[in-house]
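Colleague: Show me the folded form of this:
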Amino acid sequence: MKSHLNLLFILTSCSTFVAPAAGIPKWVDLFNGKDLAGWVDVNTSPDTWYVKDGMLICKGKPIGVMRSEKQYENFLLHVEWRHMEPGGNSGIFAWSDALPFGNRLPKGLEIQMLELDWVKLHTRKGKAPPPIAYVHGELFGAGGLKATPDNPRGSRSKSLENRCKGRGEWNVYDVVCVDGVVKLSVNGKFVNGIRNVQYKKGYLCLESEGAEIHFRNLKIMELPPGITSPEQTAPLVK
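Modeller: Here you go, the predicted model:
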């Protein structure tokens, strides 16, 4: 929780920060450790997501997402995750419309979660090895969402330092999402960012993309809203 306190200190030290009328922003659990309350399956299956030993487990099949019940605008996000299969692929979508299309995934800002062995598997198939930082918290606009990368790899933003752990080990992501800007901390250090994100408000989505992944300590701290136009808000899902 040290990283939580550091983030809050930075925000509360800014002259432009104004606490909401209800008081200082507080951390709220997005996952209660018991069931899937607060989440809505979009296009996976009844047994894709389940809870065991206080963990939220995703089987990875079929490909698709589960979304938050409500939309979020400015916030801090904390999540701990681990892949259980070599080359595992998953992620979290921020500011998403939660409307899947051709590849079964929605439009939104994806915060990538790839297992370290993905690079080895990729190379064994005869392909040129991708940048090693590709597996470590790449940020990009999925589904046509426009954004400007801080550390370009094409239209994507790659991490500047390799900090993720391998299969079966827990990783910690702390994410700042404010006014179309996203900054990502991987295991205690900020290493990536992206800006000018097309949407500034939308759903959170957890991704099922072929391999088992575990989540725990999924928390959010909502921050004061900004100036957001209708075009910068993902449409509400009915």
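Colleague: The residue lying closest to residue 138 once chain neighbours are set aside bridge partners, please.
Modeller: Leaving aside its sequence neighbours, residue 138 sits nearest to residue 112 (Cβ to Cβ, 6 or more residues apart in numbering; 4.1 Å). Bear in mind the C-beta positions are built from the backbone N, C-alpha and C, glycine included. Here residue 112 sits in beta bridges with residue 91, going by DSSP bridges.
Colleague: how far out from the middle of the chain is stretch 37-44?
Modeller: How far stretch 37-44 lies from its chain's middle: 16 Å, per Cα atoms, centre = their mean, to the nearest Å.
Colleague: what's the span of it, first residue to last?
Modeller: In stretch 37-44, first residue to last residue: 16 Å (Cα to Cα, to the nearest Å).
Colleague: Leaving out chain neighbours, which residue sits closest to the most centrally placed residue in the chain?
Modeller: Nearest to the mean C-alpha position of the chain, counting by Cα atoms, centre = their mean, stands residue 92 at 3.0 Å. Sequence neighbours aside, residue 111 is the residue nearest to residue 92 in space, at 4.7 Å (criterion: Cβ to Cβ, 6+ apart).
Colleague: Can you name the residues that contact the residue nearest to the centre of the chain?
Modeller: Contacts of residue 92 were listed using Cβ atoms under 8 Å, 6 or more residues apart in numbering, and they are 77, 79, 110, 111, 113, 173, 175, 204, 205, 206, 207.
Colleague: quick revisit: how confident was the prediction at the residue nearest to residue 92?
Modeller: Listed pLDDT for residue 111 reads 97.
Colleague: Roughly how far does it sit from residue 147?
Modeller: For residue 111, the distance to residue 147 equals 12 Å [Cβ to Cβ, to the nearest Å].
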